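Student: Following is a predicted model, sequence given first.
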Amino acid sequence: MKALVTGGGGFLGGAIVRQLRERGDEVRSFSRGEHPELAALGVRQFRGDLVRQQELFRAADGCDVIFHVAAKAGIWGAHEEFFRANVTGTENVLGVCRAHGIRRLVHTSSPSVVFPGGDLEGGDETLPYPARYEAHYPETKARAERMVLAANDPSLATVSLRPHLIWGPGDNHLVPRIVAKAREGKLRRIGDRPCLVDTVYVDNAARAHLLAADRLYPGSIVAGKCYFITNGEPIPLWEMVDRILAAAGLPPVNRRISPRTASVAGVLCELLWSIFRLPGEPPMTRFVARELSTAHWFDLAAARRDLAYQPTISLEEGLVRLREWFRGNGESGTG
């Protein structure tokens with residue numbers, strides 16, 4: 001098939017591009033920059049911004065399916081920036097699908113769209129959207145997901161996937177943040193509950209997107225639905241953090257603060273960064289405090305049934321690959 005991947009130069013987008021090319025699909029990428037690794041794969045690259053529909057219109061011409069992966073992620077920033085990238089950008093992708101008669105759209109969402117601020121244990125796709133959000137990212141991603149699912153009709157089949165905490169070699173978000181904070185001595189365990197958390201190795205997340213696209217057409221069982229995507233191996237959150245640090249040659253996190261202290265710190269940091277417009281991200285927010293002190297793991301029954309999804313890279317194998325990647329790139333904590 002002829003596929004367009006928005007955010008094809010990113011971590012997950014790049015993995016989707018590679019898997020599409022490995023099986024012989026024609027792939028285009030739409031992102032803000034040029035990526036030599038995509039050129040080496042024979043991928044046609046289009047540079048542009050999702051909020052400018054004309055640039056996206058040109059990239060999508062002649063495609064059969066769009067994988068809409070691009071988004072603005074993060075725990076801090078102006079609401080307008082998140083809204084433009086995640087809501088307006090998704091509106092434009094939907095508009096381009098209609099204009100070109102593209103009949104399949106696979107949207108990358110996030111489990112945070114249903115995060116209520118407390119434990120989510122064995123949650124499935126019947127979980128409701130919460131009434132309010134404590135961060136702009138989940139709020140705008142929820143709006144985008146609802147638009148995508150509402151757009152499903154006889155002329156355009158849509159599906160939304162919710163991969164949780166994507167990691168692996170080449171990660172430019174989760175793993176480097178953990179490693180950087182550990183090296184700076186800024187990591188603290190929050191609470192002492194062994195809260196189970198799901199994660200997903202990047203290749204498994206990418207494969208789920210291909211499976212969804214292959215089963216997606218107007219009126220299909222997956223059309224108009226959302227699916228949680230994880231490795232299906234819940235693990236205590238701070239054990240996972242320690243194992244990522246071990247792959248980087250760093251010691252485990254030993255210092256600890258209470259959930260209440262973390263929450264209060266989050267409120268104070270948000271006030272300071274808002275009032276004084278301090279640069280960068282605050283070290284703690286209310287959203288992060290709750291994410292790091294609660295359980296969030298999900299039931300994969302729907303993805304296994306409808307997508308035939310089965311993780312092929314286990315947690316153990318993924319950690320081995322991550323350790324080898326750190327050593328190969330000279331980035332281990334002991335190097």
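Tutor: Arrived safely. Residues are numbered from 1 along each chain as shown.
Student: Can you show me the helices along this protein?
Tutor: 11-22, 36-40, 53-60, 79-82, 89-100, 136-150, 174-183, 202-214, 237-247, 259-276, 286-291, 301-306, 315-328 (DSSP state H).
Student: Now render those helices as TSV, adding mean pLDDT.
Tutor: Output for these, formatted as TSV (pLDDT from 0 to 100):
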stretch	mean pLDDT
helix 11-22	98
helix 36-40	95
helix 53-60	94
helix 79-82	96
helix 89-100	97
helix 136-150	98
helix 174-183	94
helix 202-214	98
helix 237-247	97
helix 259-276	94
helix 286-291	91
helix 301-306	98
helix 315-328	97
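Student: Quick check: which of those is nearest to residue 69?
Tutor: helix 11-22 (4.2 Å; C-beta to C-beta). C-betas here are computed from N, CA, C, even on glycine.
Student: From the chain's centroid, how far away is stretch 125-141?
Tutor: 14 Å (C-alpha atoms, centre = their mean, to the nearest Å).
Student: can you tell me which of the helices of the chain comes nearest to residue 114?
Tutor: Using C-beta to C-beta, the nearest of the helices of the chain to residue 114 is helix 136-150, at 7.8 Å.
Student: The residue nearest to residue 322 when sequence neighbours are not counted - how many residues pack around it?
Tutor: The shortest distance from residue 322 to any non-neighbouring residue, by C-beta to C-beta, 6 or more residues apart in numbering, is to residue 247 (4.4 Å). Around residue 247 there are 24 other residues, counting by other C-beta atoms under 10 Å.
Student: Likewise for residue 274?
Tutor: Neighbour tally, residue 274, other C-beta under 10 Å: 11.
Student: measure the residue nearest to residue 17 when sequence neighbours are not counted to residue 292 for me?
Tutor: Spatial nearest neighbour of residue 17, excluding adjacent residues (C-beta to C-beta, 6+ apart): residue 8 at 4.8 Å. Separation of residue 8 from residue 292 (C-beta to C-beta, to the nearest Å) stands at 31 Å.
Student: Compare these two and say which one has the larger neighbour count.
Tutor: residue 8 (30 against 19).
Student: Give me the pLDDT value at that one.
Tutor: At residue 8, the model reports a pLDDT of 97.
Student: dump the residue contacts of residue 120.
Tutor: Residue 120 makes contact with 111, 114, 127, 294, 295, 296, 297, 298, according to C-beta atoms under 8 Å, 6 or more residues apart in numbering.
Student: same question but for residue 283, I mixed them up
Tutor: Here residue 283 is in contact with 186, 265, 269 (C-beta under 8 Å, 6+ apart).
Student: And those, which of them are buried?
Tutor: Buried subset of those (neighbour count, 16 or more other C-beta atoms under 10 Å): 265, 269.
Student: Among the contacts of residue 283, which one sits closest to residue 86?
Tutor: For the contacts of residue 283, the nearest to residue 86 is residue 269 (23.1 Å; C-beta to C-beta).
Student: Find the nearest non-adjacent residue to that closest one, please.
Tutor: Counting by C-beta to C-beta, 6+ apart, the residue nearest residue 269 is residue 282, at 3.6 Å.
Student: likewise residue 116?
Tutor: Among residues not flanking residue 116 along the chain, residue 130 sits closest, at 4.6 Å (C-beta to C-beta, 6+ apart).
Student: Let me see the contact set for the one you found.
Tutor: 114, 115, 116, 117.
Student: Burial check on the third one, number of neighbours?
Tutor: For residue 116, the count of nearby residues is 16 (other C-beta under 10 Å).
Student: and the gap between residue 314 and residue 136?
Tutor: Computed as C-beta to C-beta, the residue 314 to residue 136 distance reads 34 Å.
Student: what's the answer for residue 259, then?
Tutor: 22 Å.
Student: So for those two, which residue has more residues nearby?
Tutor: Each of residue 259 and residue 136 has its neighbours counted (other C-beta under 10 Å); residue 136 has more, 21 against 16.
Student: from what I can see the more buried one touches residue 71, true?
Tutor: No - using C-beta atoms under 8 Å as the test, residue 136 is too far from residue 71 to be in contact (11.6 Å).
Student: Filter the contacts of residue 120 down to the ones in strands?
Tutor: Among the contacts of residue 120, the ones falling in strands (DSSP state E) are 296, 297, 298.
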